[in-house]
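Peer 1: Sequence and predicted model, in that order:
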Amino acid sequence: MSLVLKETSCRWDIDVSLAAPSLPTPSLHSSKMSGLEESFHKFAIYGDTAASGNNMTGKNFSKMCKECGVMDGKAVTSTDIDIVFNKVKTKGARTINFVEFQQAMKEICVKRFKGKSPEEALQAVYGLIEGKEPSSVGTTKVAKVAGLERLTDTSKYTGSHKERFDESGKGKGLAGREDLTDNSGYVGAYKGAGTYDKTH
C-alpha cells in the first residue's frame with residue numbers, strides 16, 4: 001500500500017493505491033507439490049482413510065522419521081522425535097501441519113547432521129524424506145515357517161482328524177465332523193450289505 005500526498009489549492013488530496021507489495025516468488029508451485037510436501041501428505045494419510053493429508057499425527061511423524069532414516073537411533077532417537085513433535089505443535093492439538101513439520105525438521109537436522117551448517121543439514125534431512133512413502137511390508141504375507149507346512153499337511157493327520165479330509169486333502173464338510181447314522185439295517189462294518197437278495 002502506498003500513500004501519496006498532493007497539495008492542491010488549500011487542501012491535501014490523498015492518493016491511496018492498494019497495489020500488493022512485491023513478494024518473493026515461492027520456490028514451491030501451488031499447482032505442483034514438491035517431493036517433500038508429497039511425502040508429508042502420504043505419511044499424513046497413512047492408516048487413516050478419513051485424513052485430509054494436511055495434518056500429521058505423532059505416530060505417523062515418528063513412522064516417517066524412522067522409515068526415511070532421519071531417526072538413526074544414535075544421534076536422533078524416538079524420544080528426540082517425540083520431544084520435537086510436542087514442541088512444535090500448537091498447545092492442545094494432536095497433529096502438526098506442514099509449516100510446523102518444517103519447523104520440526106529444522107530442530108532435528110542440527111542433531112542428525114552435527115558437522116554441517118544448519119542450512120546444509122536441513123537440505124540433507126529434506127533429501128532423506130523427499131519422494132518417500134510409507135511402507136507396509138509384511139502386513140498381508142503368509143508366514144513361511146517350517147512347522148506350518150507340517151501342521152497343515154492333511155496326509156499326515158491321524159485319529160479322528162484324519163476322517164475330516166479325503167485323499168486329496170479336501171475337507172468332507174459335515175460328513176467329516178459328525179457320525180451320520182446308517183439306517184440300512186446292517187451293522188456298521190458288515191461287508192455283505194445288499195447281497196441277501198442275490199443269494200436267496
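Peer 2: Cool, the structure landed.
Peer 1: ok, the residue lying closest to residue 169 once chain neighbours are set aside - how many residues close by?
Peer 2: Computed as C-beta to C-beta, 6 or more residues apart in numbering, the closest residue to residue 169 that is not its neighbour in sequence is residue 154, at 4.3 Å. For the C-beta atoms, the positions are set from N, CA and C on the backbone; glycine is no exception. Applying the criterion other C-beta atoms under 10 Å, we find 15 residues in the vicinity of residue 154.
Peer 1: same question, residue 157
Peer 2: Using other C-beta under 10 Å, residue 157 is surrounded by 15 other residues.
Peer 1: What residues does it make contact with?
Peer 2: Contacts were defined as C-beta atoms under 8 Å, 6 or more residues apart in numbering; by that measure residue 157 touches 164, 165.
Peer 1: likewise the one 10 residues further on?
Peer 2: Residues near residue 167 by C-beta under 8 Å, 6+ apart: none.
Peer 1: what about it, distance to residue 150?
Peer 2: Using C-beta to C-beta, to the nearest Å, one gets 19 Å for the distance from residue 167 to residue 150.
Peer 1: what do you get for residue 86?
Peer 2: Computed as C-beta to C-beta, the residue 86 to residue 150 distance reads 49 Å.
Peer 1: Now do the strands in this protein.
Peer 2: Per DSSP state E, the chain has strands spanning 2-8, 11-17, 56-57, 95-96. These are given in chain order.
Peer 1: same for the longest helix that the chain contains, what does it pack against?
Peer 2: Secondary structure of the chain read by DSSP state H shows that its longest helix is helix 98-112. Counting contacts by 3 or more C-beta pairs under 8 Å, 6 or more residues apart in numbering; DSSP states H and E, helix 98-112 is packed against helix 35-45, helix 58-67, helix 78-88, helix 118-129.
Peer 1: As JSON lines, these with mean pLDDT, distance to residue 186 and mean neighbour count would be great.
Peer 2: As requested, the helices and strands packed on helix 98-112 are exported to JSON lines (pLDDT from 0 to 100; distance: least, C-beta to C-beta, whole Å; neighbours: other C-beta atoms under 10 Å):
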{"stretch": "helix 35-45", "mean pLDDT": "88", "distance to residue 186": "68", "mean neighbour count": "19"}
{"stretch": "helix 58-67", "mean pLDDT": "91", "distance to residue 186": "68", "mean neighbour count": "19"}
{"stretch": "helix 78-88", "mean pLDDT": "93", "distance to residue 186": "72", "mean neighbour count": "16"}
{"stretch": "helix 118-129", "mean pLDDT": "90", "distance to residue 186": "77", "mean neighbour count": "16"}
